[in-house]
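1. Generate a structure from the sequence data that follows.
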Amino acid sequence: MSTAVAEDLLTEVLSCYKPHCRYLLSASVHGRRTEGRLAIPESCYIDDTGHLNAVEVSICYNQLLYTALGAAVRDRTEPALAHWTLDDYWRRRLPDVLIVKSTNEFRRPLDPRSFVGQLTIERVIARTLWVDREPLISIDTGFRFTDAGRGLAVGTARVAIAPRATG
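-> Coordinates of the predicted model:
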């Protein structure tokens with residue numbers, strides 16, 4: 001079952017980005033897979049390269065990830081995040097959600113002016129490391145970006161949600 005991400009959720013997800021860096025135009029969630037339409041009319045840091053680059057992949061990945069996690073918290077579909085509220089998530093997403101490992105593979109140049117992204121949450125593990133802290137949540141993801149031609153970029157990322165002290 002596919003669910004379009006509501007405009008208010010997407011607006012809040014993107015609110016932490018500078019207006020000219022909001023590349024995710026729309027998104028839908030299909031279980032643990034989030035898909036989105038993206039466009040980068042002008043790079044936020046470099047002259048036009050004519051293709052999607054690693055920095056832009058990271059920004060687009062983050063926007064899909066924040067959307068996937070926001071939807072999971074809102075819909076209570078991820079057990080490791082079931083105790084979070086959306087207010088918890090909005091407060092913690094920037095300081096506590098960290099990419100700890102990532103790989104990018106650019107198989108064919110991709111037109112950044114209009115493309116589609118997919119992010120899949122492959123595994124979530126919550127581990128209690130300290131008795132006075134919340135569990136460390138580790139999330140393994142895969143992603144893929146394609147355009148209307150043959151452009152293709154794929155990758156993986158491991159994300160950690162840093163534990164906070166309890167009580």
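2. Kindly provide the distance from His51 to Tyr17.
-> 21 Å (Cβ to Cβ, to the nearest Å). Bear in mind the C-beta positions are built from the backbone N, C-alpha and C, glycine included.
3. Let's test this: mean pLDDT of the longest helix anywhere in the chain, rounded?
-> Scanning the chain for the longest helix, with DSSP state H as the assignment, gives helix 54-75. For helix 54-75, mean pLDDT is 97.
4. what does stretch 130-148 give?
-> Throughout stretch 130-148, pLDDT has a mean value of 95.
5. Could the C-alpha coordinates of that stretch be exported in CSV?
-> What follows is stretch 130-148, C-alpha atoms only, in CSV (Å, rounded to 0.1, in the frame of the first residue of the first chain):
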residue,chain,number,x,y,z
TRP,A,130,24.2,2.2,28.8
VAL,A,131,21.6,1.7,31.5
ASP,A,132,21.0,5.4,31.9
ARG,A,133,20.5,6.1,28.2
GLU,A,134,18.0,5.3,25.5
PRO,A,135,19.0,2.6,23.0
LEU,A,136,21.3,3.4,20.1
ILE,A,137,19.2,3.0,17.0
SER,A,138,21.1,1.9,13.9
ILE,A,139,19.4,2.0,10.5
ASP,A,140,20.7,0.4,7.3
THR,A,141,19.4,1.9,4.1
GLY,A,142,19.8,1.6,0.4
PHE,A,143,19.0,4.3,-2.2
ARG,A,144,18.6,4.8,-5.9
PHE,A,145,18.2,7.9,-8.1
THR,A,146,17.1,7.7,-11.7
ASP,A,147,16.1,10.2,-14.4
ALA,A,148,13.9,9.9,-17.5
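6. Tell me which residues of that stretch come out buried.
-> The neighbour-count criterion (16 or more other Cβ atoms under 10 Å) identifies 134, 137-139, 141, 143-147 as the buried residues of stretch 130-148.
7. again, but for stretch 10-30
-> Buried positions in stretch 10-30, judged by neighbour count with 16+ other Cβ under 10 Å: 10, 12-14, 17, 22-24, 27, 29.
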